[in-house]
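A.B. asks: Quick one, fold the following:
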Amino acid sequence: MKKLQSESASPLYHQLMQRIRVDIEKGKYPVGSKIPPEHELEQTYQLSRVTVRRALAELTEIGLLERKQGKGTFVSVPRIQQDLKSLHSFHDACKQNGRAPSTDVIHIVETTADAQDAQDLNLKPGSRVVETLRLRRADGEPVVLERNRFSMAFAYLEDEDLKGSLYAVLREYGAEPTQAVHDISLCYATAEQAGYLGIKEGTPLLKLHELIFDQRGRPLHNSLQLIRGDQFVFRI
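C.D. replies: Reported below is the predicted structural model:
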């Protein structure tokens with residue numbers, strides 16, 4: 001085994017991070033497997049405990065590793081990366097990251113537009129909208145609880161199968177999503193939301209509000225997504 005270079009310009013903790021990354025990529029430590037304990041890494045690479053702990057902490061912070069209390073450190077399931085500069089559906093983002101997408105359609109209903117809907121979609125107060133509520137999964141794991149609202153011009157969605165890509169359905173009707181305005185904040189899962197996402201009530205979630213525009217620059221729909229941060233990461 002090639003030793004780490006103390007005289008290198010790269011700090012020892014960073015060298016150890018890279019070594020562990022490579023081992024994961026080569027399959028030495030598969031997803032879900034346990035990596036060697038701290039004391040073993042110290043002995044193997046002749047490093048201090050502080051150096052080893054920093055390397056593991058950094059890898060945990062970026063989502064490559066996951067610490068389980070009393071059990072050790074494990075290779076985590078890769079987070080789905082989505083670039084907000086480009087408009088891609090969840091379906092596409094999963095495939096680009098090697099995850100299998102699936103969707104549970106919770107409901108497709110007509111409801112009354114709220115103030116945010118009226119502003120986003122240029123509707124009069126009290127107008128009706130079509131609401132879709134879907135649970136998005138990656139490799140079967142609940143990742144995103146997604147609510148979309150459309151004007152009644154899209155009432156045809158009530159008769160469509162929305163278990164796949166919503167954008168693919170919209171394109172069949174000539175509506176091409178081209179750009180979006182994003183607002184990201186933090187919220188905490190309610191009991192109902194936690195039930196859908198398979199997490200504990202009060203767990204922090206990423207809250208993404210999007211206003212999507214079509215190829216003519218007209219508001220297409222708005223979207224409110226509650227996202228598990230342990231499964232998803234945005235690139236800006």
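
A.B. asks: show me where pLDDT drops low in this protein?
C.D. replies: Low-confidence segments of the chain, defined by pLDDT under 70, span residues 1-3, 5-9, 78-89, 97, 232-236.

A.B. asks: ok, which stretches of it are helices?
C.D. replies: Applying DSSP state H to the chain gives helices spanning 12-25, 38-45, 49-61, 90-96, 115-121, 166-172, 191-197.

A.B. asks: Quick one: closest of those helices to residue 185.
C.D. replies: If you check each of the helices of the chain against residue 185 by Cβ to Cβ, helix 115-121 wins as the nearest, at 13.6 Å. The way it works is simple: take the backbone N, C-alpha and C, and place the C-beta from them, glycine included.

A.B. asks: Okay, domains of the protein per the record?
C.D. replies: Dividing the chain into domains by automatic domain parsing, as the record does, gives the ranges 12-75, 80-235.

A.B. asks: any chance of these in JSON lines, plus mean neighbour count and distance to residue 4?
C.D. replies: Converted to JSON lines, the domains of the chain look like this (neighbours: other Cβ atoms under 10 Å; distance: least, Cβ to Cβ, whole Å):
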{"stretch": "domain 12-75", "mean neighbour count": "15", "distance to residue 4": "5"}
{"stretch": "domain 80-235", "mean neighbour count": "16", "distance to residue 4": "28"}
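
A.B. asks: Strands along the chain, start to end?
C.D. replies: Counting by DSSP state E, one finds strands in the chain at the ranges 65-68, 72-75, 80-83, 101-112, 128-138, 141-151, 179-188, 204-213, 219-227, 232-235.

A.B. asks: Show me the one of those strands that comes nearest residue 165.
C.D. replies: Between residue 165 and the strands of the chain, the shortest separation by Cβ to Cβ is 8.3 Å, and it involves strand 101-112.

A.B. asks: which helices and strands sit right next to that closest one?
C.D. replies: Contact partners of strand 101-112 among helices and strands, from 3 or more Cβ pairs under 8 Å, 6 or more residues apart in numbering; DSSP states H and E: helix 90-96, strand 128-138.

A.B. asks: Tabulate these (a markdown table), appending distance to residue 51.
C.D. replies: Compiled in a markdown table, the helices and strands packed on strand 101-112 are given as follows (distance: least, Cβ to Cβ, whole Å):
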| stretch | distance to residue 51 |
| --- | --- |
| helix 90-96 | 35 |
| strand 128-138 | 34 |
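
A.B. asks: Identify whichever of the ones you listed lies nearest to residue 198.
C.D. replies: In terms of Cβ to Cβ, the element of the helices and strands packed on strand 101-112 nearest to residue 198 is strand 128-138, at 9.6 Å.

A.B. asks: Now distance to residue 48 too, for the strands of the chain, in a markdown table please.
C.D. replies: Rendered in a markdown table, the data for those read as follows (distance: least, Cβ to Cβ, whole Å):
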| stretch | distance to residue 48 |
| --- | --- |
| strand 65-68 | 19 |
| strand 72-75 | 17 |
| strand 80-83 | 33 |
| strand 101-112 | 43 |
| strand 128-138 | 38 |
| strand 141-151 | 37 |
| strand 179-188 | 35 |
| strand 204-213 | 33 |
| strand 219-227 | 37 |
| strand 232-235 | 30 |
